[in-house]
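A.B. asks: The amino acid sequence is not available; the structure is as follows:
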């Protein structure tokens, strides 16, 4: 029984190493993105298998009235929950959002990137709104279905005031400011994610119309078919920060 417990413990440690090593291997160029994501899947499946094995060992120990290495089983259980607890929410999120990576508050007239275009030379995703699988109309329909709260932000502030506040909010959010162009009325920024260090790009476009200022945003991932909802959430964070600036 103790030997079996040790085997499970060693196996689950391997899953932790796979979980942690996958993004680092991708970032260092050892393997591609699909291999790294496959590592996450392996770690998740391995963690779940370990939990089943632990349950089996406990049942067998009770039935056979054999002594259990409770300390090792407890450690193995905690370690097995790490990959399962990390990957499972990501899988649930992927199933709850559309498989798109380009989100904007104005699908009819999405903001156009300027300076950031130069930094996306090696990006797997382009900046064309819509793709071979989905037209711009399809993208708009998906946004209306899954992100109906996202729309053009209206403010009584002037364009200059809105530009300054937008830049401040993006800095507070931790994004790297790439370009601030008062003439164009745009702020461009990039956010780097943890673990895989994916880069997502965001632009704020500010226009004056009658006695109001209109603010539109667009957030686009450089890699990945699905963004797991992070681009929409980034836009929401901006809107919240813009409407409720810290004192």
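C.D. replies: Perfect, thanks for sending it. What you see is a predicted model; the values in this text were computed from it and never measured.

A.B. asks: The longest helix seen in the chain packs against which elements?
C.D. replies: Longest helix of the chain, by residue count under DSSP state H: helix 33-64. Secondary-structure packing of helix 33-64 (3 or more Cβ pairs under 8 Å, 6 or more residues apart in numbering; DSSP states H and E): helix 2-27, helix 70-96. (Glycine included, C-beta is placed from N, CA and C.)

A.B. asks: average model confidence for that helix?
C.D. replies: Mean pLDDT, helix 33-64: 91.

A.B. asks: Could you break the chain into its assigned domains?
C.D. replies: Split into domains by automatic domain parsing, the chain comes to 2-94, 102-243.

A.B. asks: how far out from the middle of the chain is the last one?
C.D. replies: This points to domain 102-243. Distance, stretch centre to chain centre, for domain 102-243: 15 Å (Cα atoms, centre = their mean, to the nearest Å).

A.B. asks: Check the first one too.
C.D. replies: Between the mean C-alpha point of domain 2-94 and the mean C-alpha point of its chain there is a distance of 23 Å (Cα atoms, centre = their mean).

A.B. asks: and among the helices and strands packed on helix 33-64, the most buried is which?
C.D. replies: Sort the helices and strands packed on helix 33-64 by mean neighbour count, taking mean count of other Cβ atoms under 10 Å, and helix 2-27 sits at the top with a mean of 17.

A.B. asks: before we move on, back to that, quick one: the longest helix of the chain to helix 2-27, angle?
C.D. replies: Here helix 33-64 points in a direction 170 degrees away from that of helix 2-27 (axes from the mean of the first three to the mean of the last three Cα atoms, to 10 degrees).

A.B. asks: which intervals of the protein have sub-threshold pLDDT?
C.D. replies: Applying pLDDT under 70 to the chain flags residues 1-2, 132, 246-247.

A.B. asks: wait, is residue 184 part of a helix?
C.D. replies: No: counting by DSSP: H, G, I helix; E, B strand; the rest coil, residue 184 is not found in a helix; it is coil.

A.B. asks: Regarding the spatially closest residue to it that is not a sequence neighbour, what are the backbone dihedral angles?
C.D. replies: The shortest distance from residue 184 to any non-neighbouring residue, by Cβ to Cβ, 6 or more residues apart in numbering, is to residue 114 (6.8 Å). Backbone geometry at residue 114, expressed as degrees, to the nearest 10, gives phi -120, psi -80.

A.B. asks: need the contact list for residue 114.
C.D. replies: Contacts here follow Cβ atoms under 8 Å, 6 or more residues apart in numbering; on that basis residue 114 touches 179, 181, 184, 186, 188, 203.

A.B. asks: re earlier: got a markdown table for the helices and strands packed on helix 33-64, with distance to residue 63 too?
C.D. replies: Shown next, in a markdown table, are the helices and strands packed on helix 33-64 (distance: least, Cβ to Cβ, whole Å):
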| stretch | distance to residue 63 |
| --- | --- |
| helix 2-27 | 14 |
| helix 70-96 | 16 |
